[in-house]
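> Dropping the sequence and predicted coords here.
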Amino acid sequence: MIAIAHSFAITLYLGAAALAAAPFARPVPAPVRGVTTLLGLGVAAHLLALLDFVRTHGQAPVSGLGPALSLAALLVAVMLLGVELIAREVSLSLVAAPLSAALAAVANIAGLSPASMASGVQGAWLAAHVALSFLGIASFATGAAAGVMYMVERRELKARRFGAIFRFFPPLDTLDRVNHLACLAGGAALTLGVAIAVAYSVEFRTVNLPQILWGMAAWAALSVIALGRAIGGWQARRAAVVTATSFAAVVLLYVALRVTGAADGGFL
Amino acid sequence: MALTLVGVSHATADIDIRERLAHAPHEIPLTLAAVRDATGAREGVLLSTCNRTEIYLVEGERDATAGAWSALSRRLGRDASPYGYVRREREVVKHLFRVASGLDSMILGETQIQGQVRDAWQIGRAHASAALNRLFQSALLVAGRVRSETAIGHGAASVSSAAVQLAKKIFGSLQGRRAMILGAGEMAELALECLVAQGVRTAIVANRTYERATEMAARHGATALHYDECWSRLADVDVMLCSTAAPHAVVTSSHIAPTLAARGDRPLCILDISLPRDVDPAVGTLENVYLYDLDDLRQLVAATVDHRRGEVPSAERLIEEEVESYWSWLAGLAAVPVLTEFRARMDDVRDREVARLLRRLEHLPESDRETIEHFSRALMNKFMHEPSVRLRAAAANGRGLGIVDAVRYLFALEGERAADDTSVETDR
């Protein structure tokens, strides 16, 4: 049941991305209702899979690589759906929906089985930390997706090319605002996640160095962007470039930590 | 019931002919009344825009085209028929659906025509009945479908709308943005009107002749500036529109670059609609500056028109579907009066025969007499049901007129040949 609902969600995410790309094949209006419906169904299927995981294993999907990645994928999809429903604009699905599908697919490959996890207050504390951290990363991913789209569209506008990207991407200003709001939301969630992690480490005297390194790197990147926007007057291209490159760096750091074996069997 | 269209459009007549045939709204009912009087047409609607004057008629007993042409010729002062066209039956339906959808417009896919078709119908309502009411309602629905299901109306199809589209692609809405207009000529004023219509909040007009800038600014609630002062205000501006008559570039990197630091990362959109160009192309390489000249705007318009052309086959398919649907309805309408008369005739026969029978059976109690009466009605309804259904279906699928005529002949229904439009429920 978990695997079936999960696979169903992946298919729906990819379907939403394909539908969002339809205007590139033929100049028809973006099918906002179709894309958000598919995305919504995908989120529902994904949620069903994770609820079944909780029922089966008696714990939240926050420990173990597969469950944690799946939760991250769900949060990215929920963020995406929220942004698209508010903005009535679905071109962000072109980047963020495949990202969700890829994370969920990797989760499927890694296996949706839980790692051992603390119980009671310690477990709840850990769950809150993981959920907030993933929310932060999902927002960061949304901001990075908007940043990538901003750079692509900017290049087309500077080069005076009026093709499919010109017609179907949202205005630069919209992408800049999505980037800004996503980074602010991500920064807030990740700050709380990091604070809880610090308190957790002190309280329960456990230290996971790769986790600290990766979490702090992501938090620092978001903090730099937030400060750059607030103090340095960053916006537009500069904000888009910094968000996209720093997110890519955070992803690369994660891959490096896993490849070098610095991480344990969990998410990190 | 014959649909006929007599008309003149941009495809067949020059503007000097079209402008003389164009009708003001208050003139339309008079022309329609005159045409209907002269031709005996049952219904009429006159569509008059700057690109076409068309009279849609449901003919009576005789051909209405000669009468319609003479009305147009009187207006033109000479024979109007060489400048126009006549359409009949299904072609009329198809033509109106194409017109309402913008497929027959000078600018392919333009949207204004849909409102003009609606206005024409509203003005001519007193002269329209079932057939034309349904035709115009269907045309508006088809136009809506074409616009929502294809991209025929997407994009900018004129230089001014292309300029606005480009600015919107950078800023989203132009509501509350600041614009600076360099130049105070006719093009500059048109562009300023476009920007103000889009909600641009603060507009600055700068011109070498300050008085002209002041006059233009006063007309549009903008602020006038001396030409040399405008550079200091550039840091606050989102859109800069250049339309001077200068023979060389008057905006160079040396004017723009110093203001960029003060602007931070805010984009600046420069629209150069003058020829020769006002803005040095090197300005476009500056960070956060988006520069477009007339060639770019025309390229955008051409791309839009190309995409719209690509949508025409899809639009035509939709129109063909809707023509079929309307035509089925219209053909079915022809069967209605025949069916009504057929039923009345049969009911008359039934009444007489039942009365004769009941006179012979006077001894029967009232309840039995009612049963016989009821039985006779039920029997007639059973007999009439299948022929009625088949007659309607045959009329609707195009084989109708011959069968309708056969029914008239077989049952001697010669009283009312024409469709009684007032007996048909319309969607009014």
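Yes, it's here.
> Can you show me the helices along the stretch 51-200 of chain A?
Ranges of helices in the stretch 51-200 of chain A, per DSSP state H, counting those that start in this stretch, are A:65-87, A:93-110, A:120-158, A:164-168, A:172-204.
> Redo those helices as CSV? Include mean neighbour count.
Yep, even glycine has a C-beta here, placed from its N, CA and C like the rest. Below are the helices of the stretch 51-200 of chain A laid out as CSV (neighbours: other C-beta atoms under 10 Å in any protein chain shown):
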stretch, mean neighbour count
helix A:65-87, 23
helix A:93-110, 22
helix A:120-158, 22
helix A:164-168, 18
helix A:172-204, 20
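> Tell me which of those helices lies nearest to B:S376.
Of all these, it is helix A:65-87 that lies closest to B:S376, at 64.3 Å by C-beta to C-beta.
> picking that back up, got a markdown table for the helices of the stretch 51-200 of chain A, with mean pLDDT and distance to B:K168 too?
Formatted as a markdown table, the helices of the stretch 51-200 of chain A follow (pLDDT from 0 to 100; distance: least, C-beta to C-beta, whole Å):
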| stretch | mean pLDDT | distance to B:K168 |
| --- | --- | --- |
| helix A:65-87 | 86 | 15 |
| helix A:93-110 | 88 | 20 |
| helix A:120-158 | 86 | 12 |
| helix A:164-168 | 84 | 11 |
| helix A:172-204 | 87 | 9 |
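> got these as JSON lines, with distance to chain B columns?
Formatted as JSON lines, the helices of the stretch 51-200 of chain A follow (distance: least, C-beta to the nearest C-beta, whole Å):
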{"stretch": "helix A:65-87", "distance to chain B": "10"}
{"stretch": "helix A:93-110", "distance to chain B": "17"}
{"stretch": "helix A:120-158", "distance to chain B": "6"}
{"stretch": "helix A:164-168", "distance to chain B": "7"}
{"stretch": "helix A:172-204", "distance to chain B": "4"}
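> Kindly report the domain assignment for the chain.
In the absence of a named chain, chain A is used. A:1-117, A:119-268 (automatic domain parsing).
> looking at chain B here, not the other one
B:2-153, B:159-297, B:328-421.
> which one of the domains of chain A lies closest to B:D280?
Of the domains of chain A, nearest to B:D280 by C-beta to C-beta is domain A:119-268, at 15.7 Å.
> I'd like the distance from that closest one to the chain centre, please.
8 Å (C-alpha atoms, centre = their mean, to the nearest Å).
> so when I look at B:H26, I'm seeing a helix, right?
Yes. According to DSSP: H, G, I helix; E, B strand; the rest coil, B:H26 belongs to a helix.
> ok so, going back, could you dump the domains of chain A into CSV with distance to B:V301 added?
As requested, the domains of chain A are exported to CSV (distance: least, C-beta to C-beta, whole Å):
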stretch, distance to B:V301
domain A:1-117, 15
domain A:119-268, 10
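> Out of these, which gets nearest to B:E149?
domain A:1-117 (7.7 Å).
> Tell me the residues of chain B that contact chain A?
Residues of chain B found near chain A (C-beta under 8 Å from any C-beta of the partner chain) are B:148-151, B:154-155, B:168-172, B:264-267, B:284, B:287-288, B:290, B:292, B:296, B:299-300, B:303, B:307, B:310-311.
> Which members of the residues you listed occur in helices, if any?
Among the residues of chain B next to chain A, the ones falling in helices (DSSP state H) are B:148-149, B:168-171, B:296, B:299-300, B:303, B:307, B:310-311.
> From those, pick the one nearest B:L182.
Lowest distance from B:L182 to those (C-beta to C-beta) belongs to B:D296, with 17.4 Å.
> one step back: which among the residues of chain B next to chain A count as buried?
B:150-151, B:154-155, B:168-172, B:265-267, B:284, B:288, B:290, B:292, B:296, B:299-300, B:303, B:307, B:311 (16 or more other C-beta atoms under 10 Å in any protein chain shown).
> Is B:C242 bridged to anything, and to what?
Judged by DSSP bridges, the bridge partners of B:C242 are B:L182, B:D272.
> how many other residues sit next to it?
Other residues near B:C242 come to 25 when the count uses other C-beta atoms under 10 Å in any protein chain shown.
> All set now, cheers.
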